[in-house]
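# next come a sequence and a model predicted from it.
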Amino acid sequence: MTDCIFCKIVNGEIPAEVVYNGTNVTAFRDINPVAPVHILIVPSRHIDDIRDPRAFEDDVLKEMIQVANQVADMEGVAESGYRLLVNYGPDANLVVPHLHLHLIGGRPLGPMVTRQA
Ligand code: 5GP
Ligand code: ZN
């Protein structure tokens, strides 16, 4: 996808702090981290989102989760714990339409979703 920001990061066309660079999966630091560790794990080829059928081909999601666990080890949060999450659609605030897993950790993260008053 020519106009996709994460494809451009995977292809090295725009800079990012890449922490894992594999044939099928790439991981890089989020530009606007919400915790000391905030890394995005993406398929190296373009897949729109978690509902895209391509996400279920070639074990790509499985490999993304394996890479997330490996990066968590590298970042030293395997013992303290971490959160893996995927956003989809407007209510979840999906912003970048290239499938990505957020790996978040390095501090107590609190409840998964804040209750509304
Ligand atoms: P979403 O809300 O789509 O699940 O999350 C998109 C994430 O991508 C956000 O956390 C945002 O900070 C991050 N992001 C957006 N643009 C860039 C970028 O150009 N570089 C990096 N490293 N992260 C980005
Ligand atoms: Zn893309």
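Good, I have the coordinates. Computed from a prediction, not measured in an experiment: that's the story for all the values here. Ligands and ions are numbered 1, 2, ... in the order given.
# how about stretch 90-109 against ligand 2, any contact?
Yes - residues of stretch 90-109 contacting ligand 2 under CB under 5 Å from the ion: residue 98. Any C-beta I mention is one placed from the backbone N, CA and C, and that applies to glycine too.
# and for that stretch, what's in contact with it?
Here stretch 90-109 makes contact (CB atoms under 8 Å, 6 or more residues apart in numbering) with 1, 4-7, 27, 30, 34-43, 46-50, 52, 55, 64-65, 68, 71-72, 75, 77, 80-88.
# and that stretch, is it in reach of ligand 1?
Yes - shown here: stretch 90-109 in contact with ligand 1 (CB under 6 Å from any ligand atom) through 93-96.
# mind checking how far that stretch is from the chain centre?
7 Å (CA atoms, centre = their mean, to the nearest Å).
# quick one: buried ones out of the contacts of stretch 90-109?
The neighbour-count test (16 or more other CB atoms under 10 Å) marks 4-7, 27, 30, 35, 37-43, 46-47, 49-50, 55, 64-65, 68, 71-72, 75, 77, 82, 86-87 as buried among the contacts of stretch 90-109.
# quick one: strands adjacent to the strand ranked longest in the chain?
Identified as the longest strand of the chain according to DSSP state E is strand 37-43. Take DSSP bridges as the rule and strand 37-43 pairs in its sheet with strand 25-29 (antiparallel), strand 101-105 (antiparallel).
# make JSON lines from the ones you listed and add mean pLDDT to it.
Below are these laid out as JSON lines (pLDDT from 0 to 100):
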{"stretch": "strand 25-29", "mean pLDDT": "98"}
{"stretch": "strand 101-105", "mean pLDDT": "98"}
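# mind listing what residue 35 touches?
By CB under 8 Å, 6+ apart, the neighbours of residue 35 are 104-107, 109.
# interface residues of this protein facing ligand 2?
The chain comes close to ligand 2 at residues 1, 4, 6-7, 46, 98, as judged by CB under 5 Å from the ion.
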